[in-house]
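*Asks:* Give me the fold of what follows.
(4 chains)
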Amino acid sequence: MRTGIAVALCAVGLFFSLSGTVGVWRMPDLYTRVQAATKTITLGALPTLVGVVVASGASPPYLTRAMLVGFLLLTLNPAASHALVRAAYKTGTPQWRHAVSRGPGEVAQRRAES
Amino acid sequence: MTWFWVLDVVCLLWVVAGAVLVVWLRNLSGAVMALSLTGMGMTMLFVVLGAPDVAHAEVVVGAIALPVLYLVAIGKCRTVVERDDESTGEDRELHGGEPVRRRWAAVLLSAGVFTGLVVAFTGLPDETEELPAVARRAMTGALPDFHTTEPVSAVVYGYRAMDTFGETFLLLAAVVGVMVLTRTREARQGFVGEERAADEEQEDVDHPPRGSSSDEARRAERVEEGRAPEAPETPDREGLGAPAPETAQAMSVVARTAVRVALPLLLVGGLYLVSQGYSPGGGFPAGAVLLGAVLLVHTAFGYDRVRAVVRPRVLEVVEMLGAAAIVGVLAAGLPLEGSFAANWIPLAPEQTLRSGGMLQAFSVSELVEVGAGLTIVVFSLLGMRHDWAEDDEDGEGDESGEGDA
Amino acid sequence: MSGASASLLPLAVAAPICGAIAAPLLGRLWTRLTIAVSMLALVVSCALLALLAPQVYDGEVLVEHVGNWHPVDGSQLGVTFAADPFGLTFALLAAAIGAILLLLTISELGDLGGKEMGGYACLFQLLVAALVASALTADVLDLFVWFEVAALASYGLTGFFLERPLALEAAFKTMVLTNMAAFFVFVAVAVVYAGHGALNYGQVYAAMAEAPRTADLVALGLVVGGFGTKAGLVPFHGWLADAHTAAPGPVSALFSGLMVNLGLLGIARFVFDVQAPNRGDVLGLLAVVGGFSALVGAAMALAQDDLKRLLAYDTVSQMGVLMVALSVGSPESLTGMTYHMVNHALFKTLLFVCAGAIVHATGMTRLSEMGGLARHRPLVTVAFVVGAAAIAGVPPLNGYVSLGLIHHALEGDHPVELFVLTLAQALTVAALARATYLAFFRRRDDDYDRIERLGAGMLVAFGLLAGACVAFGALPTLVLDHVVRPAAGSLVHGAEYARATLADGGRVTPAEATFDYADPRQALVIGGTLLLGLLLARWVVRHSEPSLLTAVRRAHTGSVNDYASYAVMGVVVSVAVLVLT
Amino acid sequence: MILVNYAAAALVFCLGVYTVLTRRNLVKIVMGLSLMESAGYVLLISMAYRKGSTAPVLLHPPSGTTEQELAHGNVADPVLQNIALTAVVIGVAVTAVLLAGVVRVAQHYRSLDSDDVRELRG
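*Replies:* Below is the predicted model:
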């Protein structure tokens, strides 16, 4: 029974990692690619981690270490992606041509024109 | 058993792929990221091959220390290197075409080295051989001799203490070497012959700065030292639309809070490595983790906040005291136990805080020296100034900067 | 054999290291105090070694298993220090000449700022400590660690004067090439340990005797490449001339006098003491490499304009002479090699001290700018002439004795090596005669705009070194029987030394070698090379450069990639020669 | 089968040698040296591995065995890991010395091309 749950969780993790990788490959520009990559970490790694903990039997030292890894993943990964995208945006990395929102340069130009 | 080989080969492919990327990528920053990729691959490989202590050190070195050093050095070089043509602003060296020397001779020589190494490695005993007697002695001796359950620490800080003594002063030589190479110009009392020889050489080598890059170097230097007055403390109030890269030092509130949350965990994790006599790795990986934490704080909070903690003058004294403590710990063995690096501290029962006798003292002083040394190295590289090369005509050499940054 | 005195060996290494720790801290207070403390540390180290000298020089090997970790039934986990005559000679030389050069630093670089003097003294002492430790250690991995410490210390010292662009270019080349050499030695040590599970010299010797592998031959090839780079042998010598040209005065003297001997010591240890049972045709390889080094070094020295660069290429040539003597392997040639190593340390340091004094006094490094210094600085001239005469082998000085021993050893069945060495000797004499004439005796019409007074430290250094050159030459039998023959013994009888390092001590029988001063053939050879050298010097001063010399000079392109290619090509060739023959 | 590890280490070593020999950008040469260094560590840890071994740690031996049995059992070689542990951390300081040299050369010669940094030749 336990291994069944573990295998299921790992399968979920695997699926999201796979889809995240495809996302990174297919997405047109940097901003969407980082979004896909972040999803791989958050949704891909955590279920696998929980699955491994379930599979190995929740012995205290193992569980605490897994929780620590999970906590660090949840806090640091989004912050890292935020910093990455903000830096890209401020240095004017070009957006996808059909992007709806304003590129960094245009806001300044519009304010200059008005 | 085959699952081991699957993991092993995957990690090896990861490392080799990273190495090929480092060689092939033309963009320097991209090559630095490939080097970091290789470092991460090696960390996973070390965990798979059963070397957790080395993996501790390699993860910090591969992911944080090496990339920061390379990016800082590339940043420092970029402001100084002559741009090839002003119109495209394309750095000739940094991103331009990678000028390659005699390619085929190099391929031939590398292949020669490869065959030589493979010939050597096929002759070596493979992994089914019994451990050599020396290693078996280290394993069986770790408990009775040092009451520690960590034979690698017993070998590093106990049996082969003379090796680690040499490695420590290898690190001291490197740190003092970096301090000498990155020092700022110091007033000299009298005439030193080499200065006159230097003036002649500078005429024909330091050709006067033609392009705009030299005064750009001056401007970058000034921005780096005397903070531009109008730069905000944190970039949060800056309008998002401004295309220019941020002038603020610190990062946005999101990054700062994440670092504020993760920092205590990292510090506790690092100090755990050195807290007990039997913790894996001891002073070396703990020093590396300490460096990682300091760099994290530096990137998130900017240099001014870190400068209160990381003052070069204080750190140099701390590092020298660490080195003196190591010599003290090892030399005390001579009067007390009759030989240089003998274990003179009484052994506590195993798995308690003071088990391991001399190991604990040696690895704690090692932490002090490695941590302080690596921090000095990184911040010296950051604080390198442009005042040794030939100055511009106006030569306003702002010695007023806050001493050696 | 009192074990207590052997336990002082690690202290001889720890003393300069304590000085190195104190130097930067004191540097802030008062620069002269830094150098005083550093000299004290080196004198203490020298005294500790001298304390053990009488016991060691009558053939006894004092062994200290550091940390009281004694070998258990033939396998040694801990690190072993062994004071054998050869190692102790090198360690004493390093500590004594290091102290003299620190004395020189006070008068030559005394005006440096406080902080940079602290860094200088720290790196200087770490380098000397590394030399002493690598001479005394009896552990393959420990030898690599101290080799790397010496390399790291030399990077900071080479690039010390940051205002000189040449110094930084030389420092970068030294870093790349010495770092590559360190990786070759690192892989070699890993292969030796993986193959035999042994790190102690004696244990490796025994393991290689019973179970030789081809991997050991590859390891030996890598070691010859790695330590050859440090010794400045020909395919690996790209960095040597650059490093000596741009380093501060006392540092280039330390490099040329002692640090190149570290490479020689490494090769001698591996060839005679560690891998003697399973070393393939390494002696033939070393003969070829040594011959090339002797010729190329002397030829390049003939055509140099920078004085220190000329002396650096002369070091490459002398290292080639030493390597040829080592490759013969007979007791007489090894005795000659050891004697010549000691002499080379003395007279090359003397020449570099003179070059440093000239740079200190006039700030000029190029021979074309100098001239007529004999009138201004007679003492420097006398010292330089004594050093040059010692290299040329003029009888009362020490060069005569060691070259005599080497030439006598080669006379038997090595005619080719003898011819190569005499040709290299003639070229060396020509190069030094040209340098002496251009720098000192050539009339210089316009006066020097600025000449600094010679410091007291320089005069003391001249006196000590020139006195040592004369002393080692004047009483050869005393030096031969008490110092050089026991020292050569630990190479000739490598098995005894190796067995001693695994046990708790042992004896090494001295090598048999005699030297009669009034040997007519030797006087003829020396006289011939002297005459030929002087004629060649006069011809070179008057005429332009011969085409062969320009070809050799064009091969030294100065680019890091080319020097690295030569070094890798040298390693690949030596591995191939060792494995295939 | 460990030969695969050795071959990979030798390949990374030769990639480092190739970079040092061909690339003219000084920072790239330093990266080549870092690659050679990394290959050294991969080689060491691969040599330390023994078939089916666990890490050389005697803490919480797997169920049923005492620490003594584990010491005699199948573990990786601690002596080689000792060399690698110290060498990894010191590699950072050595790379920093190299990079400090590169930046100083760039400040003087205003170029990172090794063909421009050739004043000392012949």
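*Asks:* Going by C-alpha atoms from here, please, whenever you check contacts or count neighbours.
*Replies:* Noted.
*Asks:* give me the low-pLDDT residue ranges for chain B?
*Replies:* Counting by pLDDT under 70, the ranges of chain B that qualify are B:1, B:82-101, B:207-232, B:238-247, B:277, B:390-405.
*Asks:* got any ranges where chain A has weak pLDDT?
*Replies:* A:101-114.
*Asks:* can you give me the strands in chain C?
*Replies:* C:60-65, C:80-83, C:505-507 (DSSP state E).
*Asks:* so of those, which one's packed in deepest?
*Replies:* Most buried of those, by mean neighbour count (mean count of other C-alpha atoms under 10 Å in any protein chain shown): strand C:80-83, with a mean of 28.
*Asks:* So what's the residue count around residue C:301?
*Replies:* Residue C:301 has 30 neighbouring residues, counting by other C-alpha atoms under 10 Å in any protein chain shown.
*Asks:* For residue D:3, see how far away it is.
*Replies:* Applying C-alpha to C-alpha, to the nearest Å, the value for residue C:301 to residue D:3 is 47 Å.
*Asks:* quick revisit: got the strands of chain C as JSON lines, with distance to residue A:70 and mean pLDDT columns?
*Replies:* Shown next, in JSON lines, are the strands of chain C (distance: least, C-alpha to C-alpha, whole Å; pLDDT from 0 to 100):
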{"stretch": "strand C:60-65", "distance to residue A:70": "48", "mean pLDDT": "89"}
{"stretch": "strand C:80-83", "distance to residue A:70": "47", "mean pLDDT": "92"}
{"stretch": "strand C:505-507", "distance to residue A:70": "58", "mean pLDDT": "86"}
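*Asks:* got those strands as TSV, with distance to chain A columns?
*Replies:* Formatted as TSV, those follow (distance: least, C-alpha to the nearest C-alpha, whole Å):
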stretch	distance to chain A
strand C:60-65	41
strand C:80-83	41
strand C:505-507	50
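*Asks:* Of those, give the one that comes closest to residue A:43.
*Replies:* strand C:80-83 (54.8 Å; C-alpha to C-alpha).
*Asks:* Tell me the buried residues in stretch B:184-201?
*Replies:* For stretch B:184-201, the neighbour count (16 or more other C-alpha atoms under 10 Å in any protein chain shown) marks B:184-185, B:191-198, B:201 as buried.
*Asks:* Report the distance from it to the chain centre.
*Replies:* 31 Å (C-alpha atoms, centre = their mean, to the nearest Å).
*Asks:* what's next to that stretch, contact-wise?
*Replies:* Applying C-alpha atoms under 8 Å, 6 or more residues apart in numbering or on different chains, the contact partners of stretch B:184-201 are B:384-385, B:387-388, B:404, C:108-109, C:111-113, C:116, C:161, C:163-166, C:248, C:359-365.
*Asks:* How many neighbouring residues does the residue in chain A positioned nearest to chain D have?
*Replies:* Per C-alpha to the nearest C-alpha, residue A:61 is where chain A lies closest to chain D, at 11.0 Å. Neighbourhood size, residue A:61 [other C-alpha under 10 Å]: 8.
*Asks:* Which helix or which strand is home to it?
*Replies:* helix A:60-90 (DSSP states H and E).
*Asks:* Name all residues that make contact with the closest residue in space to residue B:164 that isn't next to it in sequence.
*Replies:* Leaving aside its sequence neighbours, residue B:164 sits nearest to residue B:156 (C-alpha to C-alpha, 6 or more residues apart in numbering or on different chains; 6.3 Å). Contact partners of residue B:156, counting by C-alpha under 8 Å, 6+ apart, are B:163-164, D:82.
*Asks:* please redo it, this time with the cut-off set to 10 Å
*Replies:* Neighbour list for residue B:156: B:162-165, B:281-282, B:359, B:362-363, D:78-79, D:81-83, D:85-86 [criterion: C-alpha atoms under 10 Å, 6 or more residues apart in numbering or on different chains].
*Asks:* So which of those residues are in strands?
*Replies:* Short answer: these have none in strands (DSSP E).
*Asks:* hang on, residue C:130 packs against residue B:169?
*Replies:* Yes: here residue C:130 lies in contact with residue B:169, judged by C-alpha atoms under 10 Å, at a distance of 9.3 Å.
*Asks:* shared neighbours, those two?
*Replies:* Joint contacts of residue C:130 and residue B:169 (C-alpha under 10 Å, 6+ apart) are C:17, C:145-146, C:149, C:153.
*Asks:* which one of these is nearest residue D:39?
*Replies:* residue C:145 (18.0 Å).
*Asks:* would CSV of the strands of chain C with distance to residue B:81 be doable?
*Replies:* Output for the strands of chain C, formatted as CSV (distance: least, C-alpha to C-alpha, whole Å):
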stretch, distance to residue B:81
strand C:60-65, 53
strand C:80-83, 49
strand C:505-507, 59
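*Asks:* And for residue B:137, the neighbour number?
*Replies:* Residue B:137: 18 neighbours (other C-alpha under 10 Å).
*Asks:* How about it: what's its closest non-neighbour residue?
*Replies:* Among residues not flanking residue B:137 along the chain, residue C:77 sits closest, at 7.4 Å (C-alpha to C-alpha, 6+ apart).
*Asks:* Please tell me how far stretch C:48-57 is from the chain's geometric centre.
*Replies:* The answer for stretch C:48-57 is 22 Å, by C-alpha atoms, centre = their mean.
*Asks:* Point to the residue nearest the middle of chain D.
*Replies:* With distances taken as C-alpha atoms, centre = their mean, residue D:38 lies nearest the centre of chain D, 2.6 Å away.
*Asks:* who does the host helix or strand of that one touch, helix- and strand-wise?
*Replies:* For residue D:38, the host element (DSSP H and E) is helix D:26-48. Counting contacts by 3 or more C-alpha pairs under 10 Å, 6 or more residues apart in numbering or on different chains; DSSP states H and E, helix D:26-48 is packed against helix B:2-24, helix B:28-48, helix B:52-60, helix B:66-80, helix C:165-196, helix C:560-580, helix D:3-22, helix D:78-109.
*Asks:* how about the CA coordinates for the third one, as CSV?
*Replies:* Once side chains and other backbone atoms are set aside, the C-alpha atoms of helix B:52-60 remain, and they are given as CSV (Å, rounded to 0.1, in the frame of the first residue of the first chain):
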residue,chain,number,x,y,z
PRO,B,52,29.0,13.2,1.5
ASP,B,53,31.7,15.5,3.0
VAL,B,54,33.2,16.4,-0.3
ALA,B,55,29.7,16.9,-1.7
HIS,B,56,29.1,19.5,1.1
ALA,B,57,32.1,21.5,0.0
GLU,B,58,31.6,21.0,-3.7
VAL,B,59,28.0,22.3,-3.7
VAL,B,60,29.0,25.7,-2.2
